[in-house]
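Participant: After the sequence you'll find the predicted model.
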Amino acid sequence: MEGNISFININKSFSGKRVLDSFNHQFELNKVHVILGKSGMGKSVLLKSLMGLIEIDDGEILINNKNLRSIKEDDKFNISYVFQFSALLNSLSVIENITLYLDEKNIGSKEERLIKANKILKDLGLEDSSEKIPSDLSGGMRKRAAIARSLMIEPQILLYDEPTAELDQINTKIISDIILDLKNEKKITQLVVTHDVAFAKSIADTLSILDDGKITLTTNKEGIEGLDHPLVNPLK
């Protein structure tokens, strides 16, 4: 899968407040792209507009030059979203959470769905937690379970909203390793919104600063360490 995710003149306002303001940017496919920005600058809105959870006011979102608004169902790209607080259902076990979408859509047989889910859980170190409910898991395990759920549709594009929020350094390292493995082994394009600069540096092929509804700066992996910006080097 080659090409770009292109945001062209995207505008989005809530109650008269412009959150994305003539937003233009391209994200190359098969890379890990990290977006840094202060709260309220539109980071989550950007991800949710790509996922289709938020309707943009105007502009175009293209993947490989195909407009997301006009793509036929059979041609749609598989896009998954990992929510900041995991959004797992405590009324269901971990395995039921992970198979829920495929169960509701009746995709494959029940046995096939369980085999697939159990393999993903094993890959993410959760093979012993399949029958637990999410509230019995640690924060890091819940985050991994949310990633496992997102992988069930074999996404081409995976979006993360603050994937290391409230995690310690050990669990943050586990999440960073998962993201890098998905890029290298599955060739999944990943867009990551985070406030964690050290985490961002560990995973990013590109790092972008989102400020006042626009990308104000983007650098590649080689330029991240020397980047002089208050969000990246707050003590300078």
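Facilitator: All right, it came through fine. Numbering: from 1, shown residues only.

Participant: Model confidence for residue 229, exactly?
Facilitator: Predicted confidence (pLDDT) for residue 229: 69.

Participant: all helices of this protein, in order?
Facilitator: 43-51, 94-105, 110-123, 139-151, 169-181, 197-203, 221-224 (DSSP state H).

Participant: Tabulate the ones you listed in JSON lines, adding columns for mean neighbour count.
Facilitator: (Glycine included, C-beta is placed from N, CA and C.) What follows is the helices of the chain, written out as JSON lines (neighbours: other Cβ atoms under 10 Å):
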{"stretch": "helix 43-51", "mean neighbour count": "22"}
{"stretch": "helix 94-105", "mean neighbour count": "18"}
{"stretch": "helix 110-123", "mean neighbour count": "16"}
{"stretch": "helix 139-151", "mean neighbour count": "23"}
{"stretch": "helix 169-181", "mean neighbour count": "17"}
{"stretch": "helix 197-203", "mean neighbour count": "19"}
{"stretch": "helix 221-224", "mean neighbour count": "13"}
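
Participant: Lowest average pLDDT across these?
Facilitator: Minimum mean pLDDT among the helices of the chain: helix 221-224, a mean of 75.

Participant: Distance from that one to the middle of the chain?
Facilitator: Distance of helix 221-224 from the chain centroid (Cα atoms, centre = their mean, to the nearest Å) equals 21 Å.

Participant: CA atoms of it as CSV?
Facilitator: Below are the C-alpha coordinates for helix 221-224, written out as CSV (Å, rounded to 0.1, in the frame of the first residue of the first chain):
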residue,chain,number,x,y,z
LYS,A,221,13.1,10.9,12.4
GLU,A,222,16.6,12.3,11.9
GLY,A,223,15.4,15.8,12.8
ILE,A,224,13.5,15.0,16.0
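
Participant: who touches it?
Facilitator: 200, 201, 204, 205, 206, 207, 232 (Cβ atoms under 8 Å, 6 or more residues apart in numbering).

Participant: Residue 83 versus the residue most central in space within the chain, what's the distance?
Facilitator: Nearest to the mean C-alpha position of the chain, by Cα atoms, centre = their mean, lies residue 159 at 1.6 Å. Distance of residue 159 to residue 83, given as Cβ to Cβ, to the nearest Å: 9 Å.

Participant: before we move on, back to that, wait, what's in contact with the residue nearest to the centre of the chain?
Facilitator: 47, 50, 51, 79, 80, 81, 82, 190, 191, 192.

Participant: let's see 10 Å
Facilitator: 44, 46-48, 50-51, 53, 79-83, 150, 189-193 (Cβ atoms under 10 Å, 6 or more residues apart in numbering).

Participant: hmm, back to that, so which of the contacts of helix 221-224 wins on neighbours?
Facilitator: Within the contacts of helix 221-224, most neighbours by other Cβ atoms under 10 Å means residue 207, with 27 neighbours.

Participant: quick revisit: let me have the contacts of helix 221-224 in TSV, extended by distance to residue 113.
Facilitator: Shown next, in TSV, are the contacts of helix 221-224 (distance: Cβ to Cβ, whole Å):
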residue	distance to residue 113
200	34
201	37
204	33
205	32
206	35
207	37
232	42
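
Participant: nearest to residue 136, of the residues you listed?
Facilitator: Distances from residue 136 to the contacts of helix 221-224, taken as Cβ to Cβ, are shortest for residue 200 (30.5 Å).

Participant: Dihedrals phi and psi, residue 162?
Facilitator: phi 50, psi 60 (degrees, to the nearest 10).

Participant: burial of it, as a residue count?
Facilitator: 20.

Participant: Local confidence estimate at it?
Facilitator: At residue 162, pLDDT is 94.

Participant: got it, and residue 41?
Facilitator: At residue 41, pLDDT is 80.
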